[in-house]
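Trainee: Here's a sequence, model it:
(chains A and B)
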Number of protein chains: 2
Amino acid sequence: MDIHQYITQLAEKAKAASYVIANADTQQKNQALYAIAQLLRENEDQLIAANQKDMQSAQEKGLDAALLDRLQLSSKTVSSMAEGLEQIAALPDPVGEMTDFAYRPSGIQIGKMRVPLGVIGIIYESRPNVTADAAALCLKAGNACILRGGSEAIHSNMAIVQLIHQGLQMFRLPENIVSFVEHTDREGVGSMLKLTGLIDVIVPRGGKGLVQRISEEARVPVIKHLDGVCHVYIDEYADMEKARQVAINAKTSRYGTCNTMETLLVHQAVAAKILPVLAQDYQEKQVQLRGDEQVCALLGNSVIPASEEDWYTEYLAPILSIRIVANMNEAIVHINHYGSHHTDSIMTENYTLARQFLRAVDSSSVMVNASTRFADGFEYGLGAEIGISTDKIHARGPVGLEGLTGQKWIVLGDGQIRV
Amino acid sequence: MDIHQYITQLAEKAKAASYVIANADTQQKNQALYAIAQLLRENEDQLIAANQKDMQSAQEKGLDAALLDRLQLSSKTVSSMAEGLEQIAALPDPVGEMTDFAYRPSGIQIGKMRVPLGVIGIIYESRPNVTADAAALCLKAGNACILRGGSEAIHSNMAIVQLIHQGLQMFRLPENIVSFVEHTDREGVGSMLKLTGLIDVIVPRGGKGLVQRISEEARVPVIKHLDGVCHVYIDEYADMEKARQVAINAKTSRYGTCNTMETLLVHQAVAAKILPVLAQDYQEKQVQLRGDEQVCALLGNSVIPASEEDWYTEYLAPILSIRIVANMNEAIVHINHYGSHHTDSIMTENYTLARQFLRAVDSSSVMVNASTRFADGFEYGLGAEIGISTDKIHARGPVGLEGLTGQKWIVLGDGQIRV
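Mentor: Residues are numbered from 1 along each chain as shown, chains lettered A, B, ... in the order given. Prediction:
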């Protein structure tokens, strides 16, 4: 059997199982999630032993420290995986929610029901905790999933999946609700991306390279974001102390996250007042500054000239580009042009400008007087997220249980016919 | 300039214009729509003259009667185009609607704002009225659109677009909000389908061949349906008179529409009671019946055996396939397997079975005791529809103004930073 046949058969079984989980009771799903959390805790030693095999072979292959760090399972990470499952079990079940019912002149009554998407393909890299997280989110939202993790985590992932299957069996749910691709040939991913009709949506989790390859090749819809080129715009009517705190937090609280600010825009009327103070703050945190001409003129040696390319760049590093703008409109045009439609924030005390900014900025999250770092499923109250989307259709921004569902129309009648 | 460059430039201008219409006032949009409606009425003679050119060349090419019928503009069709625009103007504006605001523990307040998708590409065949309808729906939902009509309607379409541009100009809206592809080379469609980042979604309107080609080739998301293989399931607890009326209406009120029933499923306990009556009704309407073995045994000469292929087929004709099932579950499995996830209805007076059917059938519209023919934007109260989607993500079923928008997250803070 070749890899394409293998993936197709896996997807067919997942599709069949998706109809079972779509109709499962909330209690049955929650009990399975709690049981899996328990099993993870009880089998910590076994999980860490499996993980050791992966760690050893990764070290032998000379993989880098960051990857080893993402790959490693410890007592702490196993326990936080289990907690994650319990949190997902505690979230309200989105499936079956009925809304917007109204009678129509014909006498039929129309509304919507929230329903699972079907089969979700998750393609990820070295983090074994994604196996448990993603499976749990899909299951709670009534979906089957097909997990395709990185080859470097294969032993860890299979050990986790085995426990998930045990938990499912305990509550008479078919194993194929959580399918796992054991053959990590690159071609298997290609097969998944083309199985329209069997796989309903693909969620890639990992670096930009992975996400880009997948979105270019996929025939199945993909929920994704490629870049997080996030902006903070400090308006002339900003509270300078709030602006300073947010600008520092948005850049320096973590450098590697997609909701980190990469470009700071400052209104010309307040640039001379706030930029020297901020430059000092950033210098203390060893953030390299790159500015436009006006910024360079203002800050002198502490900044280097930014290139056109800089405005498009997600540094994921202690580097920040800064531009002075003539007015808010220039800031909006910059954000919509150079940004990645992820998360952008205005600092202002002016009601009218705040209102205009919220409408005109074309991003998945638009903020007033808050750090871009808040763009996250937990902070937004979704409980957990499967990823962040910068696409325009379906889910935008942090994608939680609701983003893993859709809505169908429900029509209730009394024998009505259309005349 | 080659066709790809031409389309790219058109799309770049449409993208720029999309930011203008996204931020336009409701009143400005409505006034433009009313003005265009007025212009269409006032220039009826000019439109019909332009249409005559198209009709003449279509006749010379020997195109079929159905196409000529779709192509023709008359005083009546012009007036109904104008009415359509006025109805869209009268609908509530979905753009900017803010919902679900709640405070989070961090003190930030999170909610959602409904926003336009950006640039919508509409690819359609010979109906000139789509030019006005689609442009108006996109405009009202705050989107720019790129219209690519069939070559056989080029004079009619250009005459309509010229009036749309006049109406936009009267209210200081840029012409590029409604862009029209004047070069009808087939390659231009290919270019549109690949302009991710400039075109946000493609809506194909036309026959299955067109839709299939577009979905296979597109890199831009497509809102579409391929088939309407709709079912009515007559349950053992159906009211037989309601069931009879709905089964007749769902099949025979129109044969060529996507919400027409193509397969009738009947519970074995009531088949002998209702099928002979229905067979008589269908015979009077000259509907050809194709049945499974049991149906053939029951109805004898008035039915021919159905092949496996029949269960997958959208006849769009006076043909109906009929199957007898052992129970509701068998009906659901049949619908989810052979259907096209469009619209399916159960006839039953049993509360528990109705409730199960609504949840378990995986279609964009699921009905109880109503004719599948109701699956339509007007009947659902959307005012108008740009099409029907059988996809799982984004909009499902009839797609109106809401389906031409998305939601972004809004975060209101007071200087909060993430700790």
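
Trainee: Can you spell out the domain ranges of chain A, please?
Mentor: Chain A breaks down into these domains under automatic domain parsing: A:3-223+A:398-411, A:230-377.

Trainee: Nearest to chain B among those would be which one?
Mentor: Each of those was scored for nearness to chain B using C-beta to the nearest C-beta, and the closest is domain A:230-377 (2.9 Å). Heads up, the C-betas are built off the backbone N, CA and C, glycines and all.

Trainee: So is the closest one next to chain B?
Mentor: Yes. Part of domain A:230-377 sits near chain B under the criterion C-beta under 8 Å from any C-beta of the partner chain, namely A:239, A:241-242, A:245-246, A:248-250, A:253, A:336, A:345, A:347, A:358-360, A:362-371, A:373-375.

Trainee: Among these, which lie within strands?
Mentor: Using DSSP state E, A:Ser345, A:Met347, A:Ser365, A:Val366, A:Met367, A:Val368, A:Asn369, A:Ala370 are the members of the residues of domain A:230-377 next to chain B that sit in strands.

Trainee: among those, which two are most distant?
Mentor: Spanning the widest gap among these are A:Met347 and A:Ser365, at 15.2 Å by C-beta to C-beta.

Trainee: what residues does the stretch 1-150 of chain A put near chain B?
Mentor: Taking C-beta under 8 Å from any C-beta as the contact definition, the stretch 1-150 of chain A meets chain B at A:19, A:22-23, A:96, A:102, A:104, A:106, A:108, A:110, A:113, A:115, A:117-118.

Trainee: Which stretches in chain A count as helices?
Mentor: Counting by DSSP state H, the segments of chain A that form helices are A:3-22, A:26-42, A:44-60, A:65-71, A:75-90, A:129-140, A:154-170, A:186-194, A:208-217, A:240-252, A:268-284, A:293-299, A:328-338, A:351-360.

Trainee: buried residues in the fourth one?
Mentor: Within helix A:65-71, the residues that qualify as buried by neighbour count (16 or more other C-beta atoms under 10 Å in any protein chain shown) are A:Leu67, A:Arg70, A:Leu71.

Trainee: what is the rounded mean pLDDT of it?
Mentor: Averaging pLDDT along helix A:65-71 yields 92.

Trainee: Now do that helix: which elements does it pack against?
Mentor: Helix A:65-71 makes packing contacts with helix A:44-60 when contacts are defined by 3 or more C-beta pairs under 8 Å, 6 or more residues apart in numbering or on different chains; DSSP states H and E.

Trainee: Please apply the same query to the fifth one.
Mentor: The elements that helix A:75-90 packs onto, with contact taken as 3+ C-beta pairs under 8 Å, 6+ apart, are helix A:26-42, helix A:44-60, helix A:129-140.

Trainee: Name the stretch among those helices that sits most buried.
Mentor: helix A:129-140 (a mean of 26; mean count of other C-beta atoms under 10 Å in any protein chain shown).

Trainee: For it, which outside residues touch it?
Mentor: Residues from elsewhere that reach helix A:129-140 (C-beta atoms under 8 Å, 6 or more residues apart in numbering or on different chains): A:21, A:29-30, A:32-33, A:36, A:40, A:73, A:77, A:80-81, A:84-85, A:88-89, A:91, A:93, A:120, A:122, A:124, A:144-145, A:147, A:149, A:153, A:156-157, A:160-161, A:164, A:177-178, A:180, A:203, A:205, A:384, A:386, A:400-401, A:404.

Trainee: Which among the ones in strands among the residues of domain A:230-377 next to chain B count as buried?
Mentor: Burial by neighbour count, 16+ other C-beta under 10 Å: within these this picks out A:Ser345, A:Met347, A:Ser365, A:Val366, A:Met367, A:Val368, A:Asn369, A:Ala370.

Trainee: didn't the fourth one look like it was pressed against B:Trp409?
Mentor: Yes. Between A:Val366 and B:Trp409 there is a contact at 7.3 Å, judged by C-beta atoms under 8 Å.

Trainee: and for these two, which residues touch both?
Mentor: Here A:Val366 and B:Trp409 have B:Met113 as joint contacts, going by C-beta under 8 Å, 6+ apart.

Trainee: neighbours of the closest residue to A:Leu33 other than its chain neighbours, just the number please.
Mentor: Sequence neighbours aside, A:Ala89 is the residue nearest to A:Leu33 in space, at 3.9 Å (criterion: C-beta to C-beta, 6 or more residues apart in numbering or on different chains). Per other C-beta atoms under 10 Å in any protein chain shown, the neighbour tally for A:Ala89 reads 21.

Trainee: Pull up the gap between A:Ala89 and A:Ile36, please.
Mentor: Counting by C-beta to C-beta, to the nearest Å, the gap from A:Ala89 to A:Ile36 is 9 Å.

Trainee: What's the separation between A:Ala159 and A:Gln46?
Mentor: Counting by C-beta to C-beta - A:Ala159 and A:Gln46 are separated by 6 Å.

Trainee: shared neighbours, these two?
Mentor: With C-beta under 8 Å, 6+ apart, A:Ala159 and A:Gln46 have no common neighbours.

Trainee: Just among the residues of the stretch 1-150 of chain A next to chain B, which is most surrounded?
Mentor: Busiest of the residues of the stretch 1-150 of chain A next to chain B [other C-beta under 10 Å] is A:Val115, holding 29 neighbours.
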